[in-house]
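# With the sequence up front, the predicted model follows.
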Amino acid sequence: MLGGHFNPLIFTKAMSEKTIFKRIIDKEIPAKIVFEDDLCLAFEDAHPQAPVHILVIPKKEIASTDQLTQEDGPLLGHIYSVIRKIAAEKNLGGGYRVVTNCGPDGGQTVFHLHFHLLGGRRLNWPPG
Ligand code: 5GP
């Protein structure tokens, strides 16, 4: 965002266009998919920040954590079960991190809800 401040016009524009993740769901652009079912999709991040860096996204178009409702509870439970399954497959028994950035100040750049699954190295805390 310009000057690091929230700009509602840019935010609204970003929300009205088909996001890069929706285009991946629709198979308009390629991704290294590691899991897919009716509710969600998981694929490798294009710019990995750890040896394992998978993005898990709902197929339902939810812009961010701020747009979640109580009705999405079962969907979130399902997503976390998929995250656990992938973490086991990737041998992350030593631990891993699940991150969801929300809004510009949270570092969110793609306005389709997603969960970063990071692992395969010791992760620092606090994050930047
Ligand atoms: P955010 O910054 O919104 O939390 O995370 C967006 C993530 O999406 C970033 O880690 C970025 O590397 C990843 N990303 C952006 N565009 C693409 C793409 O076209 N393909 C894949 N696989 N990942 C992408």
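Looks like it came in fine. Numbers count the residues shown, from 1 in each chain.
# what's stretch 42-62 in contact with?
Here stretch 42-62 makes contact (CB atoms under 8 Å, 6 or more residues apart in numbering) with 19, 21-22, 24-25, 31-36, 38-41, 68, 72, 75, 79, 82-83, 86, 90, 92, 96, 112-121, 123. Heads up, the C-betas are built off the backbone N, CA and C, glycines and all.
# which helices and strands sit right next to the lengthiest helix in the chain?
Longest helix in the chain by number of residues (criterion: DSSP state H): helix 73-89. Contacts defined by 3 or more CB pairs under 8 Å, 6 or more residues apart in numbering; DSSP states H and E place helix 73-89 against strand 33-36, strand 40-44, strand 52-58, strand 96-99, strand 115-119.
# I'd like to check the angle between the third one and strand 40-44, please.
Compare the direction of strand 52-58 with that of strand 40-44 by axes from the mean of the first three to the mean of the last three CA atoms, to 10 degrees and you get 160 degrees.
# pLDDT of strand 52-58, averaged?
Averaging the model's pLDDT scores along strand 52-58 yields 98.
# The last one too?
Averaged across strand 115-119, the pLDDT comes to 98.
# next one: the second one
The predicted model gives strand 40-44 an average pLDDT of 98.
# That'll do, ta.
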